[in-house]
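> just to be clear, the model below is a prediction. Sequence and coordinates:
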Amino acid sequence: MKTNKKITLLSGDGIGPEVSKEAEKLLTVIEDQFNYKIDIEKKDFGGIAIDNHGVPLPEDTLKTCQKSDAVLLAAIGGPKYDNLPREKRPESGLLGLRAGLNAFANLRPVMVFDSLLDSSTIKKEMLQGTDLLVVRELTGGVYFGKPKGIEVRNNERVGFNNMIYTESEIKRIAKVAFEIARKRKKKVTSIDKANVLDVSQLWRDVVIETSKNYSDVTLEHLYIDNAAMQLIRNPRQFDVMLAENLFGDILSDEAAMLTGSIGMLPSASLGDGKYPAIYEPVHGSAPDIAGKNLANPIAMTLSIAMMFKYSFNDEKVHDAIFNSVKKVLNAGYRTKDIYEEGKDGVTPSLLGTKEMGDLICKNLFLPYLRFSSI
Ligand code: NAD
């Protein structure tokens, strides 16, 4: 019997529709090879939704997402919308979507493929074997805290935001980190600034309390400034890095540099199970290369791998996708963002978005190897 899944696909803007096309192709191959029946419902979101409906997140889009098994989002935004008021821009739709699905746990795996060691600006001896996961709290902290604003006090403007967390918010994200660490290398590094910030002290206290239920997982703490340094100095030391919203935002972009291209990085945003999770590449809509068949579809491809692992509990499909990407990269195929001419006497083959997508579909095979990274 086939397993039925309903996926809402939000292609969005810029390179979004291009990488979404490759995602649809891949999902069709997965249906065939792994006995799934996958219904894909496409909805407007971001700039395209502003064009067609006047708002970045139409009610119908959110409702459809809420009723699906998983949401696959490509990328949104673009220069056309940059001058709109903040609340009307495509990016404000992202906050609405995360809030509407209660997606509080953002997972960003950072895995360095051996075949791409030369693509990073960091020395390859330091990178080899890096396999870490940033778990970022996504719906709290300074991005959402109140009061916030800019006002005039004593004849000058004052800007302020509030980094605020409740005990339960910290506890639920810490639990996610510990649960995932249990299935990986069993180590959590919690990031804070407890030497200065009260909210960080609470963060540290609650993480320590939560860790009591996970005695098989090693817990360590790092201040955010040291963590930023350690991530470049020796990324291999990390397994799961747990951070609040702002710190996690910055650290995960820093970690992205380890892999060589933002076009390689998938992500998942998980909630409490009431609503489906969101899977999306870390990159934006890349207006500079949109419509040119230049976008790397691998971040989107690996986001689908994460979807099968975290939402559909299917490690076989996850591993098959991951293996296919690895095989294609090992064989020397590259999109432009990860192309390095003539390194180690081997000249890679340059592919467009569509051709890379085709090859990944073609190489989706069994048997598979196990990877812990995404
Ligand atoms: P970006 O990620 O779109 O692009 C940054 C650089 O990386 C560009 O040079 C781009 O060509 C390149 N790049 C990105 N994805 C790539 C891929 N798959 N393959 C090859 N190269 C790739 O970031 P930006 O330029 O700062 O933002 C562009 C637009 O995207 C803005 O409107 C921004 O607000 C939006 N954005 C959206 C999201 C999202 O949808 N979640 C995330 C970040 C930025």
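Happy to help now that I have it.
> now stretch 352-361: buried residues?
Within stretch 352-361, the residues that count as buried by 16 or more other C-beta atoms under 10 Å are G352, T353, E355, M356, G357, D358, L359, I360, C361. Placement of C-beta: from N, CA and C, glycine included.
> so which of these belong to helices?
T353, E355, M356, G357, D358, L359, I360, C361 (DSSP state H).
> pLDDT score assigned to the last one?
Here the pLDDT value assigned to C361 is 95.
> got it, and G345?
G345 is assigned a pLDDT of 60 by the prediction.
> from the buried residues of stretch 352-361, which single one is nearest F160?
Closest to F160 out of these is T353 (43.3 Å), distances taken as C-beta to C-beta.
> test my guess that V152 contacts V158.
Yes. In this structure, V152 is within contact of V158 by C-beta atoms under 8 Å, at 7.3 Å.
> returning to what we had before: would you turn the ones in helices among the buried residues of stretch 352-361 into TSV with distance to the ligand?
Putting these into TSV (distance: C-beta to the nearest ligand atom, whole Å) gives the following:
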residue	distance to the ligand
T353	8
E355	14
M356	10
G357	12
D358	16
L359	16
I360	14
C361	17
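> want to throw those residues into JSON lines with distance to I338?
Listed next are those as JSON lines, based on distance: C-beta to C-beta, whole Å:
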{"residue": "T353", "distance to I338": "13"}
{"residue": "E355", "distance to I338": "14"}
{"residue": "M356", "distance to I338": "10"}
{"residue": "G357", "distance to I338": "15"}
{"residue": "D358", "distance to I338": "17"}
{"residue": "L359", "distance to I338": "14"}
{"residue": "I360", "distance to I338": "14"}
{"residue": "C361", "distance to I338": "19"}
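> where do the helices sit along the stretch 51-200 of the chain?
Using DSSP state H, counting those that start in this stretch, the helices found in the stretch 51-200 of the chain span residues 59-66, 90-100, 124-127, 167-182, 198-211.
> could those helices be laid out in CSV, adding mean pLDDT?
Below are the helices of the stretch 51-200 of the chain laid out as CSV (pLDDT from 0 to 100):
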stretch, mean pLDDT
helix 59-66, 98
helix 90-100, 92
helix 124-127, 89
helix 167-182, 97
helix 198-211, 98
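> nearest to A331, out of the ones you listed?
Distance to A331, taken as C-beta to C-beta, is lowest for helix 124-127 among these, at 19.5 Å.
> list the contacts of that closest one.
The contact list for helix 124-127 (C-beta atoms under 8 Å, 6 or more residues apart in numbering) reads V112, L117, D118, S120, R233, N234, P235, R236, L258.
> ok, now which ones touch the second one?
What it means is L117. By C-beta under 8 Å, 6+ apart, the residues touching L117 are K124, L127, Q128.
> reformat these as CSV; add neighbour count and distance to the ligand.
Listed next are the contacts of L117 as CSV, based on neighbours: other C-beta atoms under 10 Å; distance: C-beta to the nearest ligand atom, whole Å:
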residue, neighbour count, distance to the ligand
K124, 13, 21
L127, 21, 20
Q128, 12, 23
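> dump the residues you listed to a markdown table, plus distance to E41.
Shown next, in a markdown table, are the contacts of L117 (distance: C-beta to C-beta, whole Å):
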| residue | distance to E41 |
| --- | --- |
| K124 | 43 |
| L127 | 39 |
| Q128 | 41 |
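> my read: G284 touches P79, true?
No. With contacts counted by C-beta under 8 Å, G284 stays clear of P79, the gap being 11.6 Å.
> who in this structure is up against the ligand?
15, 75-78, 91, 94, 262-263, 280, 283-289, 295-296, 299, 337 (C-beta under 6 Å from any ligand atom).
> just want the residue of the stretch 201-350 of the chain that's nearest the ligand.
For the stretch 201-350 of the chain and the ligand, the shortest gap (C-beta to the nearest ligand atom) falls at G284, measuring 2.4 Å.
> just the pLDDT for that residue.
Model confidence at G284, given as pLDDT, is 94.
> how about F365?
F365 carries a pLDDT score of 68 in this model.
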